[in-house]
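Q: 3D model of this:
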Amino acid sequence: MITAAPLSAQSKWTAGQPQVWKTETTVAELVVKGDIRGGQQYLGDDLEIWSSDSPVPIPRSGVVKWQDFLTTRGNKVLFLDVVPMVIWVKGDFAYVYYHQRVVFQHNNDKPKRYDSRWMDALTRQNGKWVIVADFGGADTQSK
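A: Model (predicted):
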């Protein structure tokens, strides 16, 4: 299950914002369906992800390996809620600040909830928005 809410800081979407946000929600929907490969199609070739619990950024190849490892070990995303805070678009570049709530389960263990805050940078390549940078991590304020 996935839910998404409109921008909390503004009532009207500007040009480009719906398409950029659609990329984010499409990736989330694919993850919940267990289609990790489908979600990876929205990761740019030059992607770097820097999670707050990682000492260094991780390139796309490392992200793909990690996602593949998790899914082959029985890990599942049961619920994913993404809420946009800011979406900024100029030409073929955009960034998105959003809050994410995930319910994750490993094999038959009790599901666990995680809240996090993220900022993604996206570029439009061949008419398609792709994520080229991702930074964030645990939202300790939500606990």
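Q: Please report the distance of residue 72 from residue 34.
A: Noted for residue 72: a distance of 12 Å to residue 34, by C-beta to C-beta, to the nearest Å. (C-beta placed from N, C-alpha, C; glycine too.)
Q: neighbour-wise, which of the two wins?
A: residue 34 (13 against 9; other C-beta atoms under 10 Å).
Q: Next, that one: secondary structure please.
A: Secondary structure, DSSP: H, G, I helix; E, B strand; the rest coil: residue 34 is coil.
Q: these two touch, right, it and residue 74?
A: No: counting by C-beta atoms under 8 Å, residue 34 stays clear of residue 74, with 11.2 Å between them.
Q: State which strand of the chain is the longest.
A: strand 75-90 (DSSP state E).
Q: what comes up buried for it?
A: 77, 80-82, 84, 87, 89 (16 or more other C-beta atoms under 10 Å).
Q: And stretch 119-131, by the same measure?
A: For stretch 119-131, by 16+ other C-beta under 10 Å, it's 120-124, 129-131.
Q: Could you do stretch 93-107 as well?
A: 94-104.
Q: Please convert those to a markdown table, extending it with secondary structure.
A: A markdown table is the format used below for the buried residues of stretch 93-107 (three-state DSSP):
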| residue | secondary structure |
| --- | --- |
| 94 | strand |
| 95 | strand |
| 96 | strand |
| 97 | strand |
| 98 | strand |
| 99 | strand |
| 100 | strand |
| 101 | strand |
| 102 | strand |
| 103 | strand |
| 104 | strand |
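Q: Distance to residue 138 added to these, as a markdown table?
A: Below are those laid out as a markdown table (distance: C-beta to C-beta, whole Å):
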| residue | distance to residue 138 |
| --- | --- |
| 94 | 24 |
| 95 | 20 |
| 96 | 18 |
| 97 | 15 |
| 98 | 14 |
| 99 | 12 |
| 100 | 10 |
| 101 | 12 |
| 102 | 11 |
| 103 | 15 |
| 104 | 13 |
